[in-house]
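Trainee: Here's my sequence, what's the structure:
(one chain, ligands or ions: 3)
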Amino acid sequence: AKSQGRNRYQFFNHNLQADIINNKRLADEILSGIENGEFTAWYQPQFSARTNELIGAEALVRWNHPSRGLLTPDKFLKIADEINVVQTLDRLVLDAVLRDKMRWAALGISIPKVSVNVSARRLHDESLIDSLLNLYIRPGEISFELVESIFLDESEDIAAHNLDRIKSLGIDIEIDDFGTGHTSIVSLLKLKPKRLKIDRQLVQPIVNSPQERTLVSSIIDIARSLGVETVAEGVESAAHAALLHELGCDLLQGYAFSPPLSYTDFTTAAAGQTWR
Ligand code: C2E
Ligand code: CA
Ligand code: CA
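Mentor: Residues are numbered from 1 along each chain as shown. Ligands and ions are numbered 1, 2, ... in the order given. Take a look at the predicted model:
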């Protein structure tokens, strides 16, 4: 038993060491990837539940890794966070969005709003606002998606202050992943977001579970009574879309309409309104 224990220890130790080496390599590759412009914005369209019109898109970061191909955030965001470069990635995505919006405008393609994900740390960064001041943003054309936990930690005051300034620049606030983690209705009152994104974990069961349907229905009703629009995430079927429309949800996003697309594919689809 003793030797087994020792083996196990060595096994663990060996894996740990391999992890450290892999993470270090990944961290170095992220830094050089930033230098080399390997990170880009992909877009997932959002539609009006009522009219099915294209209303906007969520920008999602992707990494064109030189040897591993296209990588999604689950492969790199955790390490990027550990080495403190999520803010840099968020900024790259915002810059890409502003550039792509100009290209769409030049092509006569209307994408009324684009939202970007903003990491908690960035909202606490006092230089964030300075970096936004010299941008020209028309009211409502950009939103920041924030997860609620942002507002519940110790530096709440700076975050609240920054939030007000962001709003005053014409940038809308959307609460992301609502229904998971530190969700509270109180924060809706406090933050006065423009939109609430209902997490896909809540959205997906609504077709089969009356209880979850009631829950989502109540969230939509409360949001509406506060003048907050709702966006359903992870809408994977026409049945979900129809039900969400019936429940009064405003915007729909999910594989039922389209997965996230590269700039080129998104632009082609938006030009011809050919989703899926
Ligand atoms: P999120 O903000 O909740 O983004 C939605 C995620 O759900 C995306 O994954 C999207 O591809 C996926 N998704 C969309 N429709 C469906 C559907 O119908 N079914 C299912 N099962 N999934 C769907 P993605 O792009 O891999 O992003 C994962 C997470 O990484 C995002 O979750 C967000 O938290 C984070 N993230 C992505 N881009 C950025 C960024 O630029 N900055 C920061 N800070 N975080 C980002
Ligand atoms: Ca999001
Ligand atoms: Ca989300």
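
Trainee: tell me which element A256 is part of?
Mentor: A256 belongs to no helix or strand when assigned by DSSP states H and E.

Trainee: quick one: pLDDT of it?
Mentor: On the pLDDT scale, A256 is placed at 97.

Trainee: i'd like the first residue to be 5 from this point on
Mentor: Shifting the count to begin at 5 puts that one at A260.

Trainee: give me every residue that touches P143.
Mentor: Each residue near P143 by C-beta atoms under 8 Å, 6 or more residues apart in numbering is listed here: G174. Any C-beta I mention is one placed from the backbone N, CA and C, and that applies to glycine too.

Trainee: Can you name the residues bridging to whichever residue of the stretch 5-154 of the chain sits closest to ligand 2?
Mentor: Ranked by C-beta to the ion, the top residue of the stretch 5-154 of the chain for proximity to ligand 2 is E149, at 4.1 Å. The partner list for E149 in beta bridges (DSSP bridges) reads N121, E178.

Trainee: Can I get stretch 223-233 in PDB? Just the C-alpha atoms.
Mentor: Coordinates of each C-alpha in stretch 223-233 appear next as PDB, following Å, rounded to 0.1, in the frame of the first residue of the first chain:
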ATOM      1  CA  ILE A 223     -37.500  36.600 -15.100                       C
ATOM      2  CA  ILE A 224     -38.800  38.100 -18.400                       C
ATOM      3  CA  ASP A 225     -41.800  39.700 -16.600                       C
ATOM      4  CA  ILE A 226     -39.700  41.200 -13.800                       C
ATOM      5  CA  ALA A 227     -37.200  42.500 -16.300                       C
ATOM      6  CA  ARG A 228     -39.900  44.000 -18.400                       C
ATOM      7  CA  SER A 229     -41.500  45.700 -15.400                       C
ATOM      8  CA  LEU A 230     -38.200  47.400 -14.800                       C
ATOM      9  CA  GLY A 231     -37.800  48.400 -18.400                       C
ATOM     10  CA  VAL A 232     -35.000  46.000 -19.000                       C
ATOM     11  CA  GLU A 233     -34.900  44.000 -22.300                       C
END
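
Trainee: was I right about Q257 contacting Q50?
Mentor: Yes: checked against C-beta atoms under 8 Å, the pair Q257 and Q50 is within contact range at 4.5 Å.

Trainee: The worst-scoring helix or strand of the chain on mean pLDDT and ligand 2, any residue contact?
Mentor: Within the chain, no helix or strand scores below helix 124-127, which has a mean of 74 by mean pLDDT, DSSP states H and E. No: Helix 124-127 is not in contact with ligand 2 by C-beta under 5 Å from the ion; minimum separation 12.9 Å.
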